[in-house]
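> Give the three-dimensional model of this entry:
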Amino acid sequence: MAGALRPAEPGGSRRLAGLIERYGEAVEADLAFRGGWDLGELWRRRRWRFLLNLIEHLPRDSAFAEAVASDDELAQSRVEQGDLPGAAGPSIADYTPVVEAIAALYDRVGQLIVVTAAAAGAKKPPNPKPYPRPVTALDRARRRASRAVISDIVAKATPHALGRGGGGPAA
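Sure, this is the predicted structure:
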């Protein structure tokens, strides 16, 4: 959940107050059940930075994450502001060895479906999507580098199309 909810107002204390005001029951339950923390006690002791860190690092299966994901008003506001993050897959923290094994099985079942459909004579076998994997900074850097290489190849192969001179037709 880290960084999942960043209202427009600046400052961590305002963000914390907004989160507790909006999702206080879910936060209180998560902190009590997951770490034995008392939301009220942390608030009274003015442990605001610590509290915000706890909230922002709750896992995807937390009551807080469910409350945020179910918040129609927040969703509408994000759509209107164009604040739509791309699909990044599960977080590294959520991608445990068990989830990795399930992902491998999921992908193999998809391959079996394709093979079975092809063997049954399907003209166009299904194209199952692989199970989502985490996307790391290294993955994003590789993707950017790959796009840069492709752009460079296209630019060299078609300089006339990009206005870089070359052997285009005479006007």
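
> Surely residue 13 is in contact with residue 48?
Yes. With contact defined as C-beta atoms under 8 Å, residue 13 reaches residue 48; the gap is 5.6 Å. Using the backbone N, CA and C atoms, a C-beta is placed for each residue, glycine as well.

> which of those two has more neighbours?
residue 48 (16 against 13; other C-beta atoms under 10 Å).

> Surely the more buried one touches residue 14?
No. Between residue 48 and residue 14 there is no contact under C-beta under 8 Å: 10.4 Å.

> Show the low-confidence segments of the protein, by residue range.
Regions of the chain meeting the criterion pLDDT under 70 cover residues 1-11, 83-88, 161-171.

> Go again with 80.
1-12, 82-89, 91-93, 136, 140, 159-171 (pLDDT under 80).

> what does the domain assignment say about it?
12-81, 90-133, 136-171 (automatic domain parsing).

> ranking these by burial, who's on top?
Ranked by mean neighbour count, the domains of the chain are led by domain 12-81 with a mean of 15 (mean count of other C-beta atoms under 10 Å).
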